[in-house]
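S.K.: my questions concern the predicted model and sequence given below.
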Amino acid sequence: MLDFVQQLVSGIALGCVYGLIALGFVLVYKATEVVNFAQGDLMMLGGFFAFTFIGMLGLNYWLGFAGAVIAMAAFGMLAERVVVRPILGYPQFSIIMATIGLGYFLRSVVGMIWGTDDFKIETPFSDGVLRIGSLVLAYDKLSVIAATVILCALLYLFFNRTTLGTAMRASSENMLAAYYMGIPVKRVVSIVWAISAAVATAAGVLLAPITFIHSNVGLVLGLKAFPAAVLGGFGSIPGAVVGGVLIGVIESMAGFYLPQGWKDVAPYIVLLVVLLLKPEGLFGLHKRKKV
Amino acid sequence: MRFLFKTDYEDDIRLFPHSGYIVSYGILLAFLAVAPFVLSSYLVSQLVFVCIYATVGVGLMILTGFTGQASLGHAAFLAIGAYTAAFLQQYNVPFPVYFLAAGLLTGVVGALVGFPALRLTGIYLVIATISFAFIVEEVLARWESVTHGNEGMRVKTLWLFGQAVPQNGPTFYFLCLAVLILTIVGTLNLLRSPTGRAFVAIRDSETAARSMGVNVSLYKVKSFAISAAITGLAGVLFAHKLSFISPEMFTLQLSIEFIIVILIGGTFSLHGAVLGAIFLVMIDPFLTYLKDDMPGIIAGIAATFGADSVTAGKIYSNVAAVASANGLKGAIYGVIIVLFVLFEPLGLYGRWLKIKLFFQLFPLYKRATFKRQKIYVKSERNR
């Protein structure tokens, strides 16, 4: 039982990271119907920015965190402007390829600049554990869970309580109609990319104490975040987080209870089964075109 | 300028629309026939890889280019073909038998993947194929009694009609070339048959295809099966060429490389598969060239523009450092993919067509001929 709870908590913590990356996918997808295959790499780049600020320049953790988030938000806008905006509205396949190319580029350039070693960021949560009876919970894992909850609450408030958030929801419903209603759709899309890159950065920095950051971490985690987003139904924000947590827990449980090798495959098997039974994901809305 | 009048369907589906095609393909074939005897063994080896990648490219083109079903799992089909060959070879099964068996098995697996894929479109299909590829990779690593797990399998020399066919010799090159040409001709014939027309109809509009009486599910599964089978055949040749296979060779990276083949070459043409394969295989020698000669050339240019020897030396070492950095290949891939998607979605073959058209219409060519139209309203979400 104790093992089970232990595995559950570390699964949820890992799942929260997947969920945060998946959140980035979903934000961008909802706004522009673009599937950003480079989301994991944005997370990796955010982690490296934070490493540069905290580890190399010796800034305070929170300051470095904020700096990385701001830098990545700007980078997200840049990436949207350069790579995605010119091909908005083209077939999905082109856009998927463009973002795969962006991801390739980011991975290689980070590898060329910072090298391909593993890096570690010192955080206030690095060591220390919370003991409840004989249950041992590491602070770094709890911090990830807490941060995910806070971020989700912030995003919820942003989307439902602010004008900009409403504009974003409007343009994600129907870009053309939103444009006719006077919403600056291009700027809105830029900001969506900035938010999604910032969320990815938060995920990257939170992840740093659990797994080391290296230039391929984005690919590995991005590929886990995909099932998370799909499981939750691509386009549902709560779905992304729930899907992420599910994937994390499944992976953690499979690693503990099943023979070696199942850990990496179990999330995908579950995903395939879910797709077979409910192709639009758990929370996805099945929209039918009205004629 | 040549005018081609097409008055009936037979004219439209002709393999060689006019004699120029026969001449140019004849010259190409003659060159390919003498290639192993005049080119260096390194280049011949690269040509073999071009043939193998182009075969996979043709297979993927049927699925992605002509049926409109994206797949990021083709490395798994290649792996299944390669492992079937390596496994059957242990029991002294002759080459033609295990070659066909590999194609057949991969085709069946492809159909099995195709069935669940029926309900999925766009991004969901991409994720499903990625998942399939991961599962296959893991199975190959764990099913040690058959695949020897992570140790990998040694593939023995190919025997064909009582003759050894070493993977570096000209005979192997001709074998790969023959497989490629047969695949291309077969695919061309497939595409002008009702099946191929149905594929293209599904790509252009599933709803329209269905309303024209096309059995969409059947043809999607068919497309998956044919595409997988061709990839499996290429897998056998791939295994023989490398003479050693292990699970970590068939990763997502390889699947992405196959997509690069058809994307760079041109998504809607068989020429594109070959051109893309040439591009992908030749980027390695190009990088070697970049590493060896580029620093010298740039430093030389700097020197001619009046840089002193110290500055030139600095430039030399900096350029050399960038050119020999680890991830340069990935960065170049990334930039090239993005540039092609942004500026030339029809790929190298599309560029060739544009150049050809420019000379055909010379004084009348207009820039706007190939201008793309934005399609904001056509939404994937409404499917």
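M.R.: The structure has been received and is ready for your questions.

S.K.: how far away is the residue of the stretch 101-250 of chain B at minimum distance from chain A from B:Gly73?
M.R.: Nearest residue of the stretch 101-250 of chain B to chain A, counting by Cβ to the nearest Cβ: B:Ser131, 3.8 Å away. C-beta coordinates here come from the backbone N, C-alpha and C atoms, glycine included. Between B:Ser131 and B:Gly73 the computed distance is 8 Å (Cβ to Cβ, to the nearest Å).

S.K.: and if you look at B:Phe16?
M.R.: Plainly put, B:Phe16 is 35 Å away from B:Gly73 if you go by Cβ to Cβ.

S.K.: these two: which is more packed in?
M.R.: B:Gly73 (29 against 11; other Cβ atoms under 10 Å in any protein chain shown).

S.K.: spit out the contact partners of the more buried one.
M.R.: For B:Gly73, the contact set (Cβ atoms under 8 Å, 6 or more residues apart in numbering or on different chains) comprises B:113, B:129-133, B:136, B:255.

S.K.: same deal with B:Thr84?
M.R.: B:98, B:101-102, B:105-106, B:232, B:235-236.

S.K.: so it, which of the three states?
M.R.: Here B:Thr84 is helix, with the state taken from DSSP: H, G, I helix; E, B strand; the rest coil.

S.K.: just to revisit the earlier point, biggest separation within the contacts of B:Gly73, which pair?
M.R.: Pairwise distances across the contacts of B:Gly73 (Cβ to Cβ) peak at 13.1 Å, for the pair B:Val113 and B:Ser255.

S.K.: ok, back up a step: in helices only, show me the contacts of B:Thr84.
M.R.: B:98, B:101-102, B:105-106, B:232, B:235-236 (DSSP state H).

S.K.: and the least confident of those residues?
M.R.: Lowest pLDDT of those: B:Tyr98, 86.

S.K.: all strands of the chain, in order?
M.R.: Just so you know, I chose chain A. Under the criterion DSSP state E, chain A contains strands at A:129-132, A:135-138.

S.K.: right idea, wrong chain: chain B
M.R.: B:153-154, B:158-160, B:163-165, B:244-245.

S.K.: nearest to A:Cys16, of those strands?
M.R.: strand B:244-245 (38.2 Å).

S.K.: now do the closest one: which elements does it pack against?
M.R.: Strand B:244-245 makes packing contacts with helix B:74-89, strand B:153-154 when contacts are defined by 3 or more Cβ pairs under 8 Å, 6 or more residues apart in numbering or on different chains; DSSP states H and E.

S.K.: redo that, cut-off 6 Å
M.R.: Counting contacts by 3 or more Cβ pairs under 6 Å, 6 or more residues apart in numbering or on different chains; DSSP states H and E, strand B:244-245 is packed against no other helix or strand.

S.K.: what sits up against it?
M.R.: For strand B:244-245, contacts defined as Cβ atoms under 6 Å, 6 or more residues apart in numbering or on different chains pick out B:82, B:86, B:152-154, B:239.

S.K.: that one: partners in the sheet, and parallel or antiparallel?
M.R.: Next to strand B:244-245 in the sheet, as set by DSSP bridges, lie strand B:153-154 (antiparallel).

S.K.: can you list contacts of the partner strand?
M.R.: Contact with strand B:153-154 is made by B:86, B:244-245, as judged by Cβ under 6 Å, 6+ apart.

S.K.: let's have these in TSV, adding neighbour count and pLDDT.
M.R.: Output for the contacts of strand B:153-154, formatted as TSV (neighbours: other Cβ atoms under 10 Å in any protein chain shown; pLDDT from 0 to 100):
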residue	neighbour count	pLDDT
B:Ala86	26	87
B:Phe244	11	85
B:Ile245	25	86
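
S.K.: contact residues of the stretch 51-200 of chain B facing chain A?
M.R.: Within reach of chain A by Cβ under 6 Å from any Cβ of the partner chain, the stretch 51-200 of chain B has these residues: B:70, B:116, B:119-120, B:122-123, B:127-128, B:131, B:134-135, B:138, B:142.

S.K.: farthest pair within the residues you listed?
M.R.: Pairwise distances across those peak at 31.2 Å for B:Gly122 and B:Arg142 (criterion: Cβ to Cβ).

S.K.: tell me which of those two has more neighbours.
M.R.: B:Gly122 (20 against 16).

S.K.: find the nearest non-adjacent residue to that one, please.
M.R.: Of all residues not flanking B:Gly122 in the chain, A:Gln92 sits nearest, at 4.9 Å (Cβ to Cβ, 6 or more residues apart in numbering or on different chains).

S.K.: low-confidence stretches in chain B?
M.R.: Chain B contains residues with pLDDT under 70 at B:1, B:323-326, B:372-383.

S.K.: ok, 50 please
M.R.: Applying pLDDT under 50 to chain B picks out residues B:377-383.

S.K.: residue most distant from the centroid, it?
M.R.: B:Asp308 (46.9 Å; Cα atoms, centre = their mean).

S.K.: which strands and helices lie in contact with the longest helix seen in chain A?
M.R.: Determined from DSSP H, the single longest helix within chain A is helix A:2-32. If you count contacts as 3+ Cβ pairs under 6 Å, 6+ apart, helix A:2-32 packs onto helix A:39-50, helix A:139-161, helix A:185-207, helix A:217-231, helix A:237-257.

S.K.: got those as a markdown table, with mean neighbour count and mean pLDDT columns?
M.R.: Shown next, in a markdown table, are the helices and strands packed on helix A:2-32 (neighbours: other Cβ under 10 Å; pLDDT from 0 to 100):
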| stretch | mean neighbour count | mean pLDDT |
| --- | --- | --- |
| helix A:39-50 | 29 | 87 |
| helix A:139-161 | 16 | 84 |
| helix A:185-207 | 25 | 86 |
| helix A:217-231 | 26 | 81 |
| helix A:237-257 | 22 | 84 |
